[in-house]
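In: here are the coordinates; sequence isn't available:
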């Protein structure tokens, strides 16, 4: 068994859910529980084609584990940013939170998507995803062995979720074209400050695995941070392998204010 929490099938409750998440963020207010959000969403008329049970699953199995963790900081920040950032920028933040809540997705992106992307492959297939899932099961990354049906479904969820976040071509197909994908300035700033305020030191921060969701190695992150410094969001001092970062925003809230203003 790995040191990390075991992989789950929770992604089956909903993939990227970009539009649903944006609608729920509109309805959510700080201090609101998942159960309260479900009731308000049910009464809102915003989900006319979703059954009450399905809506409860979306809120409890997808929205809450992704955005109502850490004192609901992700929901608070996304609500603040979603009105001013471009949809693609918001989707990249959703990708970070979804990958943290669903470890299997983050590892699939790091271990399959980016090696294929960098290797010049044109597409990723459900068979590529199935081989990844099967290998994970053999390596003890699930709490028990999954059935062939579950393996097939989870494989499709992985590629479908990548499509929802703009990394792969959308549509129901066994092979999806790899799309150009580059981290936005807003996502660089948010992730850097988020890791900083979680207590991670500057040099460890540059090598954090969350950057690998965007195909970035340590030296790439250093370059992205230098670009942030040109925008006045941080101060970067680099001497050899040692990098010192001056953090100009005192909190995530003030950073979100700055990002909201462009």
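Out: Yes, it's here. Predicted model, so just to flag it, every value in this text is computed and none were measured. Residues are numbered from 1 along each chain as shown.

In: all helices for the stretch 1-150 of the chain, in order.
Out: With DSSP state H, counting those that start in this stretch as the criterion, the stretch 1-150 of the chain has helices at 18-27, 34-44, 52-57, 64-67, 73-81, 87-101, 103-108, 114-118, 126-138, 148-164.

In: List the buried residues of the third one.
Out: The reference is to helix 52-57. 55-57 (16 or more other C-beta atoms under 10 Å). All C-beta atoms are positioned from the backbone trio N, CA, C, and that covers glycine.

In: Name the nearest of those relative to residue 206.
Out: Closest approach to residue 206 among the buried residues of helix 52-57 (C-beta to C-beta): residue 57, at 37.6 Å.

In: What about the residue nearest to that closest one when sequence neighbours are not counted, how many residues nearby?
Out: Spatial nearest neighbour of residue 57, excluding adjacent residues (C-beta to C-beta, 6 or more residues apart in numbering): residue 13 at 4.9 Å. When counting by other C-beta atoms under 10 Å, one arrives at 19 neighbours for residue 13.

In: In contact with the nearest residue to residue 95 once chain neighbours are set aside, which residues?
Out: Spatial nearest neighbour of residue 95, chain neighbours left out: residue 165 (4.7 Å); criterion: C-beta to C-beta, 6+ apart. Contacts for residue 165 (C-beta atoms under 8 Å, 6 or more residues apart in numbering) come out as 16, 18, 91-92, 94-95, 98.

In: pLDDT score for residue 218?
Out: Residue 218 carries a pLDDT value of 96.

In: residues in contact with it?
Out: Residue 218 neighbours (C-beta under 8 Å, 6+ apart): 206-207.

In: tell me the domain ranges of this structure?
Out: 101-177, 185-260 (automatic domain parsing).

In: Can you lay out the ones you listed as JSON lines showing distance to residue 77?
Out: Listed next are the domains of the chain as JSON lines, based on distance: least, C-beta to C-beta, whole Å:
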{"stretch": "domain 101-177", "distance to residue 77": "15"}
{"stretch": "domain 185-260", "distance to residue 77": "5"}
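
In: Those domains: which one's closest to residue 22?
Out: Per C-beta to C-beta, nearest to residue 22 of those: domain 101-177, 12.5 Å.

In: Residue 190 and residue 259 touch, don't they?
Out: Yes: at 7.0 Å, residue 190 counts as touching residue 259 under the criterion of C-beta atoms under 8 Å.

In: which neighbours do those two share?
Out: Joint contacts of residue 190 and residue 259 (C-beta under 8 Å, 6+ apart) are residue 81.

In: how about low-confidence regions in the stretch 1-150 of the chain?
Out: Residue ranges of the stretch 1-150 of the chain with pLDDT under 70: 1-3.

In: residues touching residue 258, list them.
Out: 233, 249.
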